[in-house]
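# What would the 3D arrangement of this be:
(2 chains, ligands or ions: 2)
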Amino acid sequence: MNFLLMTVLVAFRVLGRNRMRSILTMLGIIIGVGAVIAMVSIGEGAKAAVQAQIASFGTNVITILPWATTTSGVRSGHGGAVTLTIGDMEELRKIPGVTDVGWARRDAMQIVHENKNWFTTVNGVTPGYLVIRGWSTVSGDFFTQADTETAAQGALIGQSVAENLFGPGEDPVGATIRLKNIPFKVVGKLIAKGYDTRGSDQDDVVFIPFSTAERKVMGTRFMGSIGAGFLSAETPEEMASIVDEVKRVLRQRHKLRPNQDDDFTVRNQLDTAKIQEGTSESMKLLLLAVASISLLVGGIGIMNILLVSVTERTREIGIRMAVGAKRRHILLQFLVEAVVLSALGGLIGVGVGVAGAKVASNIAGWPAIISGDILVIAFGFSALVGVFFGLYPANKASRLNPIEALRYE
Amino acid sequence: MSLIVCRDLVKTYHLGEMEVRALRGVSLTIEAGDCVAVMGASGSGKSTLMNILGCLDVPTSGTYALEGTDVSTLGGSRLAEIRNQKIGFVFQSFNLIPRTTARENVQLPLFYRGMPAGEQRVLAARALQRVGLADREHHHPSQLSGGQQQRVAIARALVTSPAIILADEPTGNLDSQASREIMDTLTQLNREGITIILVTHEADIARYAHRIIMMKDGVIQSDRPAGDMFGARPAPQEAGA
Ligand SMILES: Nc1ncnc2c1ncn2[C@@H]1O[C@H](COP(=O)(O)OP(=O)(O)O)[C@@H](O)[C@H]1O
Ligand SMILES: [Mg+2]
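Ligands and ions are numbered 1, 2, ... in the order given. Prediction:
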């Protein structure tokens, strides 16, 4: 222990003597570790942001759209045919594992409050929709099932709409706004959700009862057709089987023959999350490759400089052997020098990486998540690199013949 | 029991096709407390013999018993221990570690004994004092004269209280004044009980020894008391003066 400690001190002194050379040698490790930590931290931050966006869509949501899509997701076929109805949704409510059912239809229109107006998306929705999509209010309350049945003229407004139609600090609840010249009473102001995965503002929205939208605001070619249906599953595990059941029920109700394609589209929220996971998997592999290559390059740099050092200090090695150093003492001395170089490089790299992540997150505008694990792993690996690449030069030093080493000029 | 007993030491080096027979059968007994000078022409095998006696090298054949232990068959690790405990080396070219203080150079053998650092410092300082360099503890080799560097080397050799100090041409790189100081230091140590074996070309230096071994072509040509060759030893001066 005493011996090891003193060997470490000697190593620091030797490396301090050639300060410039030591720093240049460590540079490979510093850059490698720094880059990996910065990239992982920013990547984790981005991943968390995306996951928050996915979660803001609601929990275990299955979406049903009244049109067919090709495999690449492009809308196709059946121009304007009515393919999804309230009746369909009521039938889907019976599928086991489904907790809530809701539907909506939307239209973009001008909204007026006093002398201000704002162009936004108006959604006619059922209370079930609001529950499934995880909406709640910061002031006021949802419209009720009764409101839906009576086609009441109540509206919920998103934060972006509130900002544009009302003054700062003004509570919109109780105020009257006009949609297509029809007065609506604002019954609640919604929580903020931010941007969705496609980059559109989820708070730039107005919700009114579905029936009101159908009968008074948007009009319809035939009663009971909906713009989109939503189901929520009790657990994520059940979602795939519910999706299958939804397809089966809808094909039956729509009287599709086996050779006909679906005239609707069912989307599983988990699939979106999986695509995201897939990209972060390949991102991880890329990072691993970058890390391995830079540690390899750094390790070779250390090996190279240590071989030079062994040659330069051949005589010193001979002297040490003459006064009683054993092979393992010499081995340890050079190994410790290698590990001090690589571990110090790793430590500086950790600092550089953390600083880099902070700077990059400031510039990119999303938070970097720096996990302690990655710091410890990066540091540990760099120390291991020292052991691995130090072994060859250290072994070479320890195998020197003392007499020849003492004679070395 | 004699300190050193060698029988028929042979050392053969192979240089590609060529065989160099540096020692061709050397038998030698040295008693504890003796002071022996080894002389002979360059290439006669003096250094080879010293390296074997100092356990830095092993003979191709023959036996070498040090304090009754046969060391000619020991492995590298055991030889390192013997060098550390029983033997001190002094070389012609001083062989101090550069950019390292005198005291740290002297501490080196103690370091490999695993001695606590505090104890190492005390013993090293005492050894430097014995060679008259108490005030040079913190100097680097490059800040010392040749004679001072060699005295640091002697301090390093004696710090472990070895049985033998082996000095291969210790004055070869020094002027006559420094040479005399080094020899005075060594004879002083000899009087304190350490066996000294030294290699030299110079008759002046060999006179300090009790016994003179002449080598030629890898064998001992003559081996006799110093008085036979040179008459009385020179009067010793104060060590480190
Ligand atoms: N490592 C070696 N390899 C080959 N030959 C050597 C080696 N060391 C010494 N010799 C040869 O052995 C002979 C004795 O060398 P050495 O003991 O150094 O002589 P001295 O010290 O008396 O001058 C010389 O001929 C020398 O060239
Ligand atoms: Mg020689």
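# Find the nearest non-adjacent residue to the closest residue to chain B within the stretch 251-400 of chain A, please.
Closest approach between the stretch 251-400 of chain A and chain B, counting by CB to the nearest CB: residue A:324, at 2.5 Å. Quick note: C-beta positions are derived from backbone N, CA and C, even for glycine. Using CB to CB, 6 or more residues apart in numbering or on different chains and skipping residues adjacent in sequence, the residue nearest residue A:324 is residue B:84, 2.5 Å away.
# Pretty sure residue A:321 is one of the things the one you found touches, is it not?
No. Counting by CB atoms under 8 Å, residue B:84 does not reach residue A:321; the two are 10.1 Å apart.
# all helices for chain B, in order.
Under the criterion DSSP state H, helices of chain B are mapped to B:46-53, B:76-86, B:102-111, B:117-130, B:146-158, B:176-191, B:203-206, B:226-230.
# Any stretches of chain A with poor pLDDT?
Along chain A, segments meeting pLDDT under 70 span A:1, A:70-82, A:221, A:273, A:275-280.
# Show me the longest strand that occurs in it.
Counting residues, the longest strand found in chain A (DSSP state E) is strand A:98-113.
# Give me the sheet partners of it and which way each runs.
Strand A:98-113 has its sheet partners listed here by DSSP bridges as strand A:116-125 (antiparallel), strand A:176-179 (antiparallel), strand A:228-233 (antiparallel).
# Could you export the first one as PDB, CA atoms only?
Listed next in PDB are the C-alpha coordinates belonging to strand A:116-125 (Å, rounded to 0.1, in the frame of the first residue of the first chain):
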ATOM      1  CA  LYS A 116     -59.400  40.700 -30.500                       C
ATOM      2  CA  ASN A 117     -59.500  37.800 -32.900                       C
ATOM      3  CA  TRP A 118     -57.500  34.700 -33.400                       C
ATOM      4  CA  PHE A 119     -57.400  32.000 -36.000                       C
ATOM      5  CA  THR A 120     -57.200  28.500 -34.400                       C
ATOM      6  CA  THR A 121     -58.400  24.900 -34.500                       C
ATOM      7  CA  VAL A 122     -61.800  24.300 -32.900                       C
ATOM      8  CA  ASN A 123     -62.400  20.700 -31.800                       C
ATOM      9  CA  GLY A 124     -65.800  19.300 -31.000                       C
ATOM     10  CA  VAL A 125     -65.100  16.700 -28.400                       C
END
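# The following helix or strand past that strand: which residues count as buried?
The first helix or strand that comes after strand A:116-125 along the chain, using DSSP states H and E, is helix A:127-132. Within helix A:127-132, the residues that count as buried by 16 or more other CB atoms under 10 Å in any protein chain shown are A:127, A:128, A:129, A:130, A:131, A:132.
# counting contacts, what elements does helix A:127-132 pack onto?
strand A:98-113, strand A:228-233 (3 or more CB pairs under 8 Å, 6 or more residues apart in numbering or on different chains; DSSP states H and E).
# ok, 10 Å please
strand A:61-65, strand A:98-113, strand A:116-125, helix A:145-150, strand A:205-209, helix A:210-212, strand A:228-233 (3 or more CB pairs under 10 Å, 6 or more residues apart in numbering or on different chains; DSSP states H and E).
# Now do the residue positioned nearest the centre of chain A against ligand 1, distance only.
Chain A has residue A:47 as the residue nearest its centroid, 1.2 Å off, counting by CA atoms, centre = their mean. Separation of residue A:47 from ligand 1 (CB to the nearest ligand atom, to the nearest Å) stands at 64 Å.
# Likewise for residue A:148?
Taken as CB to the nearest ligand atom, the span from residue A:148 to ligand 1 is 102 Å.
# Might one say that that residue is in contact with residue A:207?
No. In this structure, residue A:148 is not within contact of residue A:207 by CB atoms under 10 Å, at 11.2 Å.
# Find residues that contact each of the two.
Common contact partners of residue A:148 and residue A:207 (CB atoms under 10 Å, 6 or more residues apart in numbering or on different chains): A:124, A:125, A:126, A:127, A:154.
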